[in-house]
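In: Kindly return the folded structure for what I paste below:
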Amino acid sequence: MTDSTRLVASLGATVVGRRRESELVVAALAAGRHVLLEGPPGTGKSTLLRAVADSFGIGFEFVEGTAELTPARLVGHFDPALVLSEGYRPEVFVDGPLLRAVRDGSLLYVEEINRVPEETLNVLVTVMSEREVTVPRLGRVVAADGFRLVAAMNPFDAIGTARISGAVYDRVCRVAMGYQDGADEAAIVERRVEGVSTDLLAAAVGAVRDTREHADLRSGSSVRGAIDLCAVAVELATMRSLPLTDRSVTLDALLVALSGRVRVREGVSASVEDILTSIWMRWFGAEADDGSGDGSGKVTGPTATHPAG
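Out: Below you'll find the predicted structure:
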């Protein structure tokens, strides 16, 4: 078994599924390449990268990609107070995350790179090509062995994002990361939330996955929505002294967990609450606790494994 094979196998303790993506990322990094992970939010991009960095035994510098990420914030700056007293000396330069990663041979993880201003992207393109950074008054800093840039991006049509240039794509190996299958998403929720029944777990995951395909929704929820749904349901059931499967518990938990994560298509007259309630009825049962049901508060409608068509 090669070291890379062992490394990929060890990722299973942290990363649910994602065997193929893990192999691709490890192979690209081991080959000395930079990597771009492309996919919607909540698909485990940062989780995978942190696990890979730990497995490689190298540092991990995290950068949040925003419109405010200037070259100075990325590279670093001279301390103004010390410059006045000591001048532009290397000792008074405060390294930013890029220079720390370059000096230490760490992974530089840039989240949501397609939100980063063009002038800052140009700095990244240069360091990917030349493996060095030139800073005015500081000089040239050559990247140590192990330095890699790993960037993540949401689909370019997400709010606040833009297409990145071909110069970036030409310098990275791209790994597409879509949503995982239902079994993997259920396993993720089970790891994150304690005290969840199998039925609630399956129904929560099924409802979240439905939001991604619903005709009235422009965008659905990631698995984080299922995690929050289950966690809130556990707390609500305890607070209200009700069974975890009580309809008032599951409906309120679903609405609070998902209503901010989904987007209604333009021209749709139904509210987000109406749409989510229809999804809830499919997965948690259509009958209300108004005397028309069995009064138990349990899910008696379509089950998580056999939902209504």
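
In: C-alpha from now on. contacts and neighbour counts both.
Out: OK.

In: Skipping adjacent residues, who's closest to the residue most central in space within the chain in space?
Out: By Cα atoms, centre = their mean, the chain has its centre lying nearest to Gly42, at 3.8 Å. In this structure, Gly42 finds its nearest non-sequential neighbour in Ser222, 5.0 Å apart by Cα to Cα, 6 or more residues apart in numbering.

In: show me the contacts for that neighbour.
Out: Pro41, Gly42, Thr43, Tyr179, Val208, Arg209 (Cα atoms under 8 Å, 6 or more residues apart in numbering).

In: What strand or helix carries the closest residue to the third one other than its chain neighbours?
Out: What that stands for is Thr43. Nearest residue to Thr43, sequence neighbours excluded (Cα to Cα, 6+ apart): Tyr179, at 5.7 Å. Assignment of secondary structure by DSSP states H and E places Tyr179 within no helix or strand.

In: contacting residues around Tyr179?
Out: Contacts of Tyr179 by Cα under 8 Å, 6+ apart are Pro40, Thr43, Ser222.

In: want to try TSV for those, with secondary structure, distance to Thr277 and pLDDT as columns?
Out: Converted to TSV, those look like this (DSSP: H, G, I helix; E, B strand; the rest coil; distance: Cα to Cα, whole Å; pLDDT from 0 to 100):
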residue	secondary structure	distance to Thr277	pLDDT
Pro40	coil	24	84
Thr43	coil	25	81
Ser222	coil	18	91
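
In: out of these, who's nearest Leu258?
Out: Leu258 lies nearest to Ser222 out of these, by Cα to Cα, at 9.4 Å.

In: on that earlier part again, could you redo the contacts of Ser222 as TSV and give each row distance to Val133?
Out: As requested, the contacts of Ser222 are exported to TSV (distance: Cα to Cα, whole Å):
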residue	distance to Val133
Pro41	31
Gly42	32
Thr43	32
Tyr179	36
Val208	44
Arg209	44
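
In: Of those, just say which sits nearest to Arg137.
Out: Pro41 (39.3 Å).

In: Tell me how far that closest one lies from Met153.
Out: Going from Pro41 to Met153 by Cα to Cα, to the nearest Å gives 9 Å.

In: for Gly260, same thing?
Out: 21 Å.

In: out of these two, which sits in the busier spot?
Out: Neighbour comparison, Gly260 and Met153: the larger count goes to Met153, with 25 against 11 (by other Cα atoms under 10 Å).

In: Next one: the more buried one from Ile164, what distance?
Out: 9 Å.

In: same deal with Ser269?
Out: Distance, Ser269 to Ile164, using Cα to Cα: 35 Å.

In: out of those two, which sits in the more crowded spot?
Out: Neighbours per residue (other Cα under 10 Å) separate Ser269 from Ile164, with Ile164 holding more: 17 against 10.

In: What's the local residue count around the closest residue to the more buried one other than its chain neighbours?
Out: In space, and not counting its chain neighbours, Ile164 is closest to Asn114: 5.7 Å by Cα to Cα, 6+ apart. As a burial measure, Asn114 scores 25 neighbours (other Cα under 10 Å).

In: ok, Asn114 touching Ser165?
Out: No - assessed by Cα atoms under 8 Å, Asn114 is found out of contact with Ser165, at 9.3 Å.

In: List the contacts of the helix or strand of the chain with the lowest mean pLDDT.
Out: One helix or strand of the chain scores below all others by mean pLDDT, DSSP states H and E: helix 3-10, with a mean of 73. Contacts with helix 3-10, where a contact means Cα under 8 Å, 6+ apart, come from Arg19, Ser22, Glu23, Val26, Ala27, Ala30, Val52, Ser55, Phe56.

In: Let me see the ranges of the strands in the stretch 1-150 of the chain.
Out: Counting by DSSP state E, counting those that start in this stretch, the stretch 1-150 of the chain has strands at residues 34-38, 60-64, 76-78, 93-95, 107-111, 132-135, 139-142, 148-153.

In: Give me the local confidence score for Gly309.
Out: Gly309 is assigned a predicted lDDT (pLDDT) of 37.

In: Then Arg163?
Out: Per the predicted model, pLDDT is 64 at Arg163.

In: Repeat that for Asp216.
Out: 94.

In: one step back: would you mind giving the contacts of helix 3-10 as JSON lines with distance to Leu74 added?
Out: JSON lines is the format used below for the contacts of helix 3-10 (distance: Cα to Cα, whole Å):
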{"residue": "Arg19", "distance to Leu74": "32"}
{"residue": "Ser22", "distance to Leu74": "27"}
{"residue": "Glu23", "distance to Leu74": "29"}
{"residue": "Val26", "distance to Leu74": "25"}
{"residue": "Ala27", "distance to Leu74": "27"}
{"residue": "Ala30", "distance to Leu74": "25"}
{"residue": "Val52", "distance to Leu74": "22"}
{"residue": "Ser55", "distance to Leu74": "25"}
{"residue": "Phe56", "distance to Leu74": "24"}
